[in-house]
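K.L.:
Just need the structure, nothing else, for what follows:
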Amino acid sequence: MMLRYALQTIRDRKGGFLGAFTALMCAAALITACGTLLETGLRGKIATERYAAAPLIVSADQNVHQTTVKEKKGKTKVKHKAKPVAERAWLPERLLPTVRAVPGVKSAVPELTFLAQPLVKGGTGQATYGHSWESAPLTPFSLVQGRAPRAATDVVVDQGLATRAHLAPGDRLMVQSTQSPQTYTVTGIAAPSSGQLKRQTSLFFSAAEAARLAARPGQLSAIGVVPEPGVDVGKLKADIGEALAAAAGGGRGAADGDAPRSAARISTGDARGAVEFLDAAGARTKLVSMGGAVGGTSLLVAVLVVVGTFALSIQQRHRELALLRAIAATPRQVRKLIGREALLVGAVAGVLGSLAGLPLGAWLHGRFVSMGAIPVTLERAVSVFPMFAAVAATLLGAWGAARISARRISRIRPAEAMAESAVERARPAWGRIVAGLVLLAGGIVLVVVLSGLRTEPASTPVTFLAVVVLASSVSLLGPLLVKGAAALLAGPLRLAGSGGRLATANLRGNAARMAAAVTPLALLIGMTCTVLFVQPTLGDAARAQARDGLRADWVLVAQGPGVPARAVEKIRAIHGVAATTEIVRTTVRVGLDKYAAQGVTPVGLARTWDPDVTRGSLEPLTRDQNAVAVSQLAADQLGLRPGSPLKLTLGDGTPATLTVAAVYARGLGFGDVTLPHDLLAHHMDNPLASTVLVSAASTVTQSELVAAVKEFPGLSVVTRSSVDRIQADRQRTGAEVNYLAMGLVLAFTAIAVVNTLAMSVSERFREFAMLRLAGATRRQVLRMLRLEAVAVLLIAAVLGSGISLAVLTAFSVGMTGSAAPAVLPLVYVTVVGVAGLLALVATALPGRMALAVRPVEVATSKQ
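P.N.:
Numbering: from 1, shown residues only. Down below sits the predicted model:
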């Protein structure tokens, strides 16, 4: 009976439920799309290409591990955590004979993978790696033209590159590797037996030349293992693992040069792809974080919007529900009716929205790939789990929103319900006010906490959570805020004539309805401003520190992999050049925490670079390879001061114990850890300098510097101001990913704004008809609606801007130490203007439709 009545109500009041349906469907689509990203990060497949013919791959462990033991109530709890390192970890070459000696191994092929970019017109269009020709069987590659490389000047290119660059045996090809660019003779063209590699380009060198270019003496990238026919791969994996464990126990361990102290890992099946494509493996963590953050924010926004939508829908049905209470419907029956209506609407909206979320997730994944946020090698995972999660969240959100919204009408006495159906209550219920104040206090606490967070990963989720919590408090306290704003706006609105007086009366008499329109609009403005100004706040502070600390006259930058050492030598040889500083950048880990690190050549460092040293001195970096300088943030977090030992893990997993020489203030501009160039570069996949700072006499001209490096493709000499513009462009490119991710939430919020405003207007047929019958013209009613929309926009703009300003100021204090968020006036005006346009359109169109009906027909129709 109750279900049949719920279905009948939905059929008869399609307009009232359409708003809730739209909000729930958009929420389901957004949650499904974010869920696919999260699932891709958790179990996305990384298909192998280069290692297709090797069922087992032996590689170094790519993670830093930490084990903690805690005693609690007499029980010992052991917790193990692991985090990936930034660069490729390498294996000791001495493990190769151990693997070959395991029974069942047909062959064990050593692999070297290193930077080798062919300098061809138009580029290669994909990642390019160099290898030794002896590792060709791992794919397998075989020659289709020419011969294998034998001399140091020989190279074999894959067929894909040969086709794109029109190369043939005998052609000359310049290659930029870990060393200076060098011209090689193409001796052959090779192709894999299974077709062209889709995600990488391979260059093959002689064994001796590959070892020289890899610059890792005594180390291997991996070992590919081919078993004897009939040998079980799982058993062979276990046998190799036992042999390597025995060798590690009796071997030299970390005594092999710079080999990382990490155990070997044996990968089979799809796990081989993570060994081959390290960037794809690292992107998994980024996707989990991004999908979780955007999905969580989407869910919070969805709950807030849906609660407001249901509250408005139930408010419009107040007379109907009051009548049910008057004819003896119990509170439980009313709650069951509203709950079942919500579940029916939520079920249909959830299913349709989750289906729409699949193509949305595919589009989002494609955009992230095209932006370079995630590599194409990480394949998108698709399953029914995100859809199930979206439908479940939608049902739960719809049911919870409906029950919260219907709480009061189901509990009051029938006579009171009938009285309240005629006129809105003078003030909200005390429970709503208390809940709003609690959320306001919670938002203030989050803002205070945010002002003390000094790392971006920690502060970003708190930033958007604070906006949602404060907007939720606005939603609950909205009627009081609207009445207060109406009192302030009464004077200006009165100047607008009869339309202004009617708008003022509606603001005062229908504060709850107006508050339902203010909430999503304030959320839209607050969230949009926060998203748009968080990155500029951080970026401007970082660039300001970099500008203040850059003393160089000129900066050498590269469009390709980096600046070769030989180019720097030519710059140094110019008469009048006082100092050159090569800079390489990567990340290191202290424990499991990741810190941005840079390596600098220390000679003449004071002439080119000033990080604003507050304690200690940079002088030890010029003579001690074990010296390190850290930012004030890192020093505070790790409890460091000059003279303190610092244990960290370099990019390739190599542990190092260094001595802190200095603490500096400009960590945002220059990173948290500064080490000697050679120490850091020897543990990076790309040891080429990303930039070179040049200090020179006034007699040295830019053209003279350019002429010195003209033989090196892709290098340019720029001024300090140009460097600032380049950094700004890079920051904008990096911020595009965040804008795209949060843009979906903003688009959903914008839909909610239009949805809620249209609902609030479309149900006012009788009110408009009474105004028309009382003598108001159609133009006067539309003028009243426009003034109401302007008033709602003003209230929402003040509240949304206030929320955003408070959150951004706290973010700025925590991240930059200064309460000066970067607010771009033109962007802010655009945000408010777009919000105003949405408000006016969402008000005017339903208003014109409502006024299209003759007043007499509305007045005499059944309600």
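K.L.:
From here on, just use CA atoms for contacts and neighbour counts.
P.N.:
Will do.
K.L.:
where does the stretch 651-800 of the chain dip in pLDDT?
P.N.:
726, 728-735, 737-738, 762-763, 765 (pLDDT under 70).
K.L.:
So Ser206 is in contact with Ala151, correct?
P.N.:
Yes. Here Ser206 lies in contact with Ala151, judged by CA atoms under 8 Å, at a distance of 6.5 Å.
K.L.:
how many other residues sit next to Leu91?
P.N.:
Residues contacting Leu91 under the criterion other CA atoms under 10 Å number 28.
K.L.:
so it touches Pro217, yeah?
P.N.:
No. Counting by CA under 8 Å, Leu91 does not reach Pro217; the two are 10.8 Å apart.
K.L.:
picking up where we left off before, more neighbours: which of Ser206 and Ala151?
P.N.:
With neighbours defined as other CA under 10 Å, Ser206 and Ala151 compare such that Ser206 has more, 21 against 15.
K.L.:
Can you tell me which helix or strand of this structure has the lowest average pLDDT?
P.N.:
Lowest by mean pLDDT, DSSP states H and E among the helices and strands of the chain is helix 414-422, with a mean of 55.
K.L.:
next helix or strand past it?
P.N.:
The helix or strand immediately downstream of helix 414-422 is helix 430-450, counting by DSSP states H and E.
K.L.:
chain center to the strand or helix carrying Phe464, what's the gap?
P.N.:
Phe464 is located in helix 456-494, with elements delineated by DSSP H and E. On the basis of CA atoms, centre = their mean, to the nearest Å, helix 456-494 sits 26 Å off its chain's mean C-alpha point.
K.L.:
Likewise for stretch 503-515?
P.N.:
The answer for stretch 503-515 is 40 Å, by CA atoms, centre = their mean.
K.L.:
Please apply the same query to stretch 517-537.
P.N.:
17 Å.
K.L.:
buried set for it?
P.N.:
Neighbour counts over stretch 517-537 (16 or more other CA atoms under 10 Å) mark 517-537 as buried.
K.L.:
what about the residue lying closest to Ser383 once chain neighbours are set aside, how many neighbours?
P.N.:
Computed as CA to CA, 6 or more residues apart in numbering, the closest residue to Ser383 that is not its neighbour in sequence is Thr36, at 7.9 Å. Neighbours of Thr36 under the rule other CA under 10 Å: 30.
K.L.:
what's the following helix or strand after the helix or strand Thr36 falls within?
P.N.:
Element membership of Thr36 [criterion: DSSP H and E] is helix 14-43. Next along the chain after helix 14-43, taking DSSP H and E as the criterion, comes strand 56-60.
K.L.:
and the helix or strand that comes right after that following strand, what does it pack onto?
P.N.:
Note on strand 56-60: by DSSP H and E, the next helix or strand toward the C-terminus is strand 63-72. Under the contact criterion of 3 or more CA pairs under 8 Å, 6 or more residues apart in numbering; DSSP states H and E, strand 63-72 touches strand 75-84.
K.L.:
chain center to the helix or strand following the strand it packs on, what's the gap?
P.N.:
Following strand 75-84 in sequence order, the next helix or strand is strand 91-92 (DSSP H and E). Offset of strand 91-92 from its chain centre (CA atoms, centre = their mean): 34 Å.
K.L.:
Note down every partner strand of strand 91-92 and its orientation.
P.N.:
Applying DSSP bridges, strand 91-92 is found paired with strand 219-220 (antiparallel).
K.L.:
check contacts around Gly146.
P.N.:
Gly146 sits next to 169, 187-189 when contact means CA atoms under 8 Å, 6 or more residues apart in numbering.
K.L.:
What score does Glu71 have for pLDDT?
P.N.:
Note on Glu71: pLDDT of 73.
K.L.:
Just confirm it contacts Lys79, I think it does.
P.N.:
No. The pair Glu71 / Lys79 is not scored as a contact, 11.4 Å apart, by CA under 8 Å.
K.L.:
which SS state does the closest residue to Asp171 other than its chain neighbours fall under?
P.N.:
Distance criterion CA to CA, 6+ apart; nearest residue to Asp171, sequence neighbours excluded, is Val186 at 5.4 Å. Secondary structure state of Val186, per DSSP: H, G, I helix; E, B strand; the rest coil, is strand.
K.L.:
Make sure Val186 is actually in contact with His166.
P.N.:
No. Val186 lies out of contact with His166 (CA under 8 Å); the separation is 11.6 Å.
K.L.:
quick one, helices of the stretch 101-250 of the chain?
P.N.:
159-165, 207-214, 233-250 (DSSP state H, counting those that start in this stretch).
K.L.:
Let me see the domain layout of the chain.
P.N.:
Per the record, the chain has its domains at 58-271, 560-713, by automatic domain parsing.
K.L.:
got CSV for those domains, with distance to Ala20 too?
P.N.:
As requested, these are exported to CSV (distance: least, CA to CA, whole Å):
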stretch, distance to Ala20
domain 58-271, 43
domain 560-713, 44
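K.L.:
Narrow the contacts of Gly146 to those that are buried.
P.N.:
Buried members of those, scored by 16+ other CA under 10 Å, are 169, 187-189.
K.L.:
Thr581 belongs to a helix?
P.N.:
No. Judged by three-state DSSP, Thr581 forms no part of a helix; its state is strand.
K.L.:
Count the residues that sit near it.
P.N.:
Neighbours of Thr581 using other CA under 10 Å come to 26.
K.L.:
Beta-bridge partners for it, please?
P.N.:
Leu693.
K.L.:
give the contact list for it.
P.N.:
Applying CA under 8 Å, 6+ apart, we find Thr581 in contact with 600-605, 608, 692-694.
K.L.:
at 10 Å what do you get?
P.N.:
By CA atoms under 10 Å, 6 or more residues apart in numbering, the contact set of Thr581 is 552, 555-556, 568, 599-609, 677, 689, 691-695.
K.L.:
check contacts around Leu161.
P.N.:
Leu161 touches 118, 120, 123-125, 128, 167, 189-190, 196, 200-203, counting by CA under 10 Å, 6+ apart.
K.L.:
Write the ChimeraX selection for whichever of those are buried.
P.N.:
Applying 16+ other CA under 10 Å to those leaves a buried subset, and the ChimeraX line that selects it is:
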select :118,124,128,167,189,190,196,200,201,202,203
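K.L.:
from the contacts of Leu161, which single one is nearest Val660?
P.N.:
The closest of the contacts of Leu161 to Val660 turns out to be Thr128 (CA to CA; 37.4 Å).
K.L.:
Can you tell me the closest non-neighbouring residue to the closest one?
P.N.:
In space, Thr128 is closest to Thr201, 4.5 Å off (CA to CA, 6+ apart).
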